[in-house]
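Visitor: sequence plus predicted model, see below.
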Amino acid sequence: MAWYNDRADQFEQNEESKRRGKELAQQVNHWSKLRVRVERDINGINQDHRWARQLGGLPLVVQDAQDLASYQISKLGVPKLDVIFRHEGDHVIIERKFYGKPLPGYSNRPERLDLVELEGRLFLQRADDKKRFDMPEEMSQYLLEPFIQVLEGKGYQEPSVP
């Protein structure tokens, strides 16, 4: 190989590295926007007098989970519910922990959503049925919907005691 081919390879690697860095920065921006939106929506739920009454003085909380790329949304009291959002590079994992029988349409099994870019916009897409969620608005609602359903009393059953 000629020296100019080596230099072209180096140039191409540098450009690829810059492109990946820009993509990563854009993803970090999307994740932080989603976290801000989730926190804003949780504050709205906690401050709404109808939901506050259903929460019984125990507001929904969001906190960092195991690492910087994860956070947990929790409803204390009865029924208790936790949703963990974990970013894993090209996809996310959502874990819902129902302390009792899960709501209809949900399970305690982890759910994978793939990161998809279409026409310059970032979406999260369910791996099973390919349904897409816009970031951050629709994704925040998707994460918080089980909490609203629990507050509405939909499908919750106390755990059975043997």
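Guide: In hand now; what should we look at?
Visitor: any idea how far residue 36 is from residue 43?
Guide: With distances taken as Cβ to Cβ, to the nearest Å, residue 36 is found 11 Å from residue 43. Placement of C-beta: from N, CA and C, glycine included.
Visitor: run through the helices of the chain in chain order.
Guide: Secondary structure of the chain (DSSP state H): helices at 3-47, 49-55, 137-152.
Visitor: of all those helices, which one is nearest residue 79?
Guide: Closest to residue 79 of those is helix 137-152 (Cβ to Cβ; 5.6 Å).
Visitor: can you name every helix or strand that the closest one contacts?
Guide: Other helices and strands packing on helix 137-152, by 3 or more Cβ pairs under 8 Å, 6 or more residues apart in numbering; DSSP states H and E, are helix 3-47, helix 49-55, strand 70-75, strand 81-87.
Visitor: deepest of the helices of the chain, which one?
Guide: Of the helices of the chain, the one with the most neighbours on average (mean count of other Cβ atoms under 10 Å) is helix 137-152, at a mean of 18.
Visitor: can you give the distance from that helix to the centre of its chain?
Guide: Offset of helix 137-152 from its chain centre (Cα atoms, centre = their mean, to the nearest Å): 11 Å.
Visitor: same check, this time on stretch 102-109
Guide: Relative to the centre of its chain, stretch 102-109 is centred 16 Å away, using Cα atoms, centre = their mean.
Visitor: and stretch 134-149, by the same measure?
Guide: Offset of stretch 134-149 from its chain centre (Cα atoms, centre = their mean): 8 Å.
Visitor: distance check, the closest residue to residue 69 other than its chain neighbours against residue 50.
Guide: Nearest non-adjacent residue to residue 69, counting by Cβ to Cβ, 6 or more residues apart in numbering: residue 87, 4.0 Å away. Using Cβ to Cβ, residue 87 is found at 32 Å from residue 50.
Visitor: can I get stretch 119-126 as CSV, trimmed to CA atoms?
Guide: C-alpha atoms of stretch 119-126 as CSV (Å, rounded to 0.1, in the frame of the first residue of the first chain):
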residue,chain,number,x,y,z
GLU,A,119,-35.8,11.0,9.0
GLY,A,120,-33.4,12.5,11.7
ARG,A,121,-35.8,11.7,14.6
LEU,A,122,-35.1,9.3,17.3
PHE,A,123,-37.7,6.7,18.4
LEU,A,124,-37.7,3.7,20.7
GLN,A,125,-39.3,0.7,19.1
ARG,A,126,-40.7,-2.4,20.9
